[in-house]
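>>> after the sequence you'll find the predicted model.
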Amino acid sequence: MGEEERSLNFIEHIVEDDLANGYDKSHLRFRFPPEPNGYLHIGHASSICLNFGLGLRYNAPVNLRFDDTNPAKEEKEYVDAIKKDVAWLGYEWETECYASDYFQQLYDWAVELIKSGKAYVDSQSSEEMAEQKGSPTEPGKEGPFRNRSVEENLELFEGMRNGEFEEGTHVLRAKIDMASPNMLMRDPIMYRILHRPHHRTNTDWCIYPMYDWTHGESDYIEQVSHSLCTLEFLPHRELYNWFLDQLVDSRKLRPKQREFARRNLSHTVVSKRKLLQLVENGIVDSWDDPRMPTISGLRRRGYTPESIRSFADTIGIAKRENIVDVSLLEFHVREHLNRIAPRVMAVLNPLKLVITNYEEGKEEWLEAENNPGDESAGSREVPFSRELYIEHEDFREEANRKFFRLKLGGEVRLKNGYIIKAESCTKDEKGNVVEVQCTYDPKSRSGSGTEESLRKVKGTLHWVSIPHAISAEVRLYDRLFTDASPDTHKDKDFMDFVNPDSLTKVTGYLEPSLKDVEIGDLFQFQRLGYFNVDSDSTAEKLVFNRTVTLRDTWAKLEQKS
Ligand code: ATP
Ligand code: MG
């Protein structure tokens, strides 16, 4: 990956400027802060590559911080999946941290804020509070509890913490400015009551801190130097700084928040909430369904960490939101798999072919290269016999001169094997071709002479020997959504654009070398695409996913521009 050649992104420029202005390099520290309320998706991969990439560039530690402040939506299952995904992408975190580890510290600081008159307990309903909040053009109004005494506030907050009140009866609010032009500064909520067990702190707490209060203070506790988040947090930066102002010790490092644009991918959605909806409504089978834009879905589908990292590196970091075409991601996976995936032959839409002048019962083992671009990949042998499968689309009774595949009276080479000529075909009662009878030229075998002595024909077809073939379920995928940006339509729900044909299952016939594959193994099925062995495979039944087709539309686009 041309890591050194590419120019710095604007976040790296910010760090470079800090270093140039005397910032101590040994103080650099970053974090990736997922909320464990779902599986990571390709958008997160950008954030992971950014933060861990900075760690590698500056030899600085990167924490994996679970932002686990909402017990209503978070689970250990998600924590485990997130750890697996980050590690699989190839990154190592310095410390595994949890915002929930800081609940006591955050509580103590909140008590300090109350004591200094910077926070108060509000006992209104959420509707009343919303009414007083004003609008972007209209200042808010101060509520009746805003000027409670410190003693009363301390007593109520302790009562909240001790479980004396029901949900929704009180909240703790920062006392900032109900007239601030920034709505987020109009006395934001710091704590709410939630009588819910937490996946880590269990029933220790029944009040939970809000995101804004938690995030910056967690950065401060961990002494994160640059806290990078997505653009929607830009207006939160003022609040981030206000909270830090109340408690920062000037001898310690003060974190700074900087924002970059969310990455969206075409023909899918990158929001955990929406992805959860796809799982819960049975549109997909699971979070790691190979059609999902989750890291786990891409992994199961056959995407490699290298291809995802080089994709993230290529799209880089932006200041404005846009949609990246999924074909660019496919370009990166195709490019990597082209280098590493062994070539094999498989037929997905079989048509029987009988070689009438080939001895019955005879078999030959033909040498086949594993990767024409990589000699070190070696070769294997594939069996040849009188009865073969080719793809249905590769035969026509009649066709014009541009059809380089097999037609009656025409010749093609069978990959790694002989030249054959189609002599006749058999049809069923509906007129569909069900068998093709051919003859072969015994002197035309690939590798049997020098290149020059071999007769040339225009077309080469892949094939498998019927008596030797093994069968497998092969899953072919199309886009999960029919629209490029399904969640940006004003009067339509993204679910309206679900592609009903995103999954097709067929029975494939594979060369016998594929008998001992393992889950995750990747191959190029020649002329059909890249495929991997799905985790649904068992000793009785092999299941393959098509990772990506061979067609390289992106490269064509690139050549044009
Ligand atoms: P979602 O909307 O999918 O739930 P989120 O931002 O709420 O996303 P978090 O778990 O809070 O999810 O995100 C962890 C980190 O990843 C945050 O720093 C967030 O800004 C970043 N991130 C999330 N989605 C994207 C995206 N599409 N592109 C880039 N970074 C993202
Ligand atoms: Mg979030």
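Sure thing, it's come through. Ligands and ions are numbered 1, 2, ... in the order given.
>>> now the closest residue to residue 467 other than its chain neighbours: how far from residue 171?
Spatial nearest neighbour of residue 467, excluding adjacent residues (CB to CB, 6 or more residues apart in numbering): residue 385 at 5.7 Å. (C-beta placed from N, C-alpha, C; glycine too.) Distance of residue 385 to residue 171, given as CB to CB, to the nearest Å: 77 Å.
>>> more neighbours: those two, which one.
residue 171 (22 against 18; other CB atoms under 10 Å).
>>> any idea what the more buried one is bridged to?
residue 122, residue 192 (DSSP bridges).
>>> list the contacts for it?
The neighbours of residue 171, taking CB atoms under 8 Å, 6 or more residues apart in numbering as the test, are 121, 122, 129, 189, 190, 191, 192, 193.
>>> repeat the analysis, applying 10 Å as the threshold.
120-124, 126, 129, 160, 187-193, 207, 210 (CB atoms under 10 Å, 6 or more residues apart in numbering).
>>> in which helix or strand would I find the residue of the chain found nearest ligand 1?
Nearest residue of the chain to ligand 1, counting by CB to the nearest ligand atom: residue 43, 2.1 Å away. In the assignment (DSSP states H and E), residue 43 maps to helix 42-57.
>>> CA atoms of that helix as CSV?
What follows is helix 42-57 as a C-alpha-only set of coordinates in CSV (Å, rounded to 0.1, in the frame of the first residue of the first chain):
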residue,chain,number,x,y,z
ILE,A,42,-17.7,-0.3,6.3
GLY,A,43,-18.2,3.3,7.5
HIS,A,44,-16.6,2.3,10.8
ALA,A,45,-13.7,0.8,8.9
SER,A,46,-12.8,4.4,7.7
SER,A,47,-12.7,5.6,11.3
ILE,A,48,-10.7,2.5,12.4
CYS,A,49,-8.2,3.0,9.6
LEU,A,50,-7.9,6.7,10.4
ASN,A,51,-7.3,6.3,14.1
PHE,A,52,-5.1,3.2,14.0
GLY,A,53,-3.4,4.6,10.9
LEU,A,54,-2.4,7.7,13.0
GLY,A,55,-1.2,5.4,15.7
LEU,A,56,1.1,3.6,13.3
ARG,A,57,2.2,6.8,11.6
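>>> now it: buried residues?
42-55 (16 or more other CB atoms under 10 Å).
>>> swap in stretch 531-549?
Per 16+ other CB under 10 Å, stretch 531-549 contains these buried residues: 531, 532, 533, 534, 537, 542, 543, 544, 545, 546, 547, 548.
>>> distance check, the last one against residue 284.
Right, the one you point to is residue 548. From residue 548 to residue 284 the distance is 18 Å (CB to CB).
>>> how many neighbouring residues does residue 117 have?
12.
>>> what's the answer for residue 308, then?
Counted with other CB under 10 Å, residue 308 comes out at 25.
>>> can you list phi and psi of it for me?
phi -70, psi -40 (degrees, to the nearest 10).
>>> that one and residue 258: what is the separation?
For residue 308 relative to residue 258 (CB to CB), the value is 24 Å.
>>> equivalent analysis for residue 441, please.
Residue 441 is 68 Å from residue 258, by CB to CB.
>>> pull the contacting residues for the residue lying closest to residue 132 once chain neighbours are set aside.
Spatial nearest neighbour of residue 132, excluding adjacent residues (CB to CB, 6+ apart): residue 141 at 4.4 Å. Counting by CB under 10 Å, 6+ apart, residue 141 touches 131, 132, 133, 134, 178, 179, 186.
>>> go with 7 Å
132, 134, 178 (CB atoms under 7 Å, 6 or more residues apart in numbering).
>>> what's the burial count for the second one?
The tally of other residues near residue 134 (other CB under 10 Å) stands at 16.
>>> of the contacts of residue 171, buried ones?
For those, buried by 16+ other CB under 10 Å: 120-122, 124, 129, 160, 187-193, 207, 210.
>>> tell me the secondary structure at residue 131.
helix (DSSP: H, G, I helix; E, B strand; the rest coil).
>>> how many neighbouring residues does it have?
13.
>>> if we can go back for a sec, mind checking which of the buried residues of stretch 531-549 are in strands?
531, 532, 533, 543, 544, 545, 546, 547, 548 (DSSP state E).
>>> can you name the two of those residues that are farthest apart?
The most widely separated members of these, counting by CB to CB, are 543 and 548 (17.1 Å).
>>> any idea which helix or strand carries the residue nearest to residue 243 when sequence neighbours are not counted?
With CB to CB, 6+ apart as the criterion, residue 243 has its nearest non-adjacent residue at 5.3 Å, and that residue is residue 216. For residue 216, the element it lies in under DSSP H and E is helix 211-222.
>>> give the pairing partners of the helix or strand following that helix; include direction for each.
Sequence-wise, the next helix or strand downstream of helix 211-222 (DSSP H and E) is strand 226-230. Sheet pairing for strand 226-230, assigned by DSSP bridges, gives strand 256-260 (parallel).
>>> pLDDT averaged over the strand it pairs with - what is it?
With pLDDT averaged residue by residue, strand 256-260 scores 98.
>>> follow-up on the earlier one: list of residues touching the helix or strand that the helix holding residue 43 is followed by?
Next helix or strand after helix 42-57 toward the C-terminus (DSSP H and E): strand 62-66. Here strand 62-66 makes contact (CB under 7 Å, 6+ apart) with 30-34, 36, 51-52, 55, 79, 86, 93-99, 218, 222.
>>> and stretch 240-251, which residues are buried?
Under 16+ other CB under 10 Å, the buried positions of stretch 240-251 are 240, 242, 243, 244, 247, 248.
>>> which of these sits closest to residue 366?
residue 240 (66.3 Å).
>>> and which of the contacts of residue 141 is nearest residue 411?
residue 134 (80.7 Å).
>>> measure the closest residue to the closest one other than its chain neighbours to residue 186 for me?
Spatial nearest neighbour of residue 134, excluding adjacent residues (CB to CB, 6+ apart): residue 140 at 3.6 Å. Using CB to CB, residue 140 is found at 4 Å from residue 186.
>>> name the residues contacting each of those two.
133, 134, 178.
>>> could I get these as JSON lines with pLDDT?
Output for those, formatted as JSON lines (pLDDT from 0 to 100):
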{"residue": "133", "pLDDT": "97"}
{"residue": "134", "pLDDT": "97"}
{"residue": "178", "pLDDT": "98"}
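>>> tally of neighbours for residue 10?
12.
>>> what mean pLDDT does stretch 239-253 have?
Mean predicted lDDT for stretch 239-253 stands at 97.
>>> low pLDDT regions in the stretch 351-500 of the chain?
449-453 (pLDDT under 70).
>>> around ligand 1, pick out the residues from the stretch 201-350 of the chain.
229, 230, 262, 263, 270, 271, 272, 273 (CB under 6 Å from any ligand atom).
>>> so which of those residues sit within helices?
272, 273 (DSSP state H).
>>> show me which of the residues of the stretch 201-350 of the chain next to ligand 1 are buried.
229, 262, 263, 270, 272.
>>> can you redo those residues as a markdown table with distance to residue 456?
Formatted as a markdown table, those follow (distance: CB to CB, whole Å):
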| residue | distance to residue 456 |
| --- | --- |
| 229 | 60 |
| 262 | 53 |
| 263 | 48 |
| 270 | 49 |
| 272 | 55 |
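>>> ok, those residues vs residue 374, which is closest?
For these, the residue nearest residue 374 by CB to CB is residue 263; the value is 32.2 Å.
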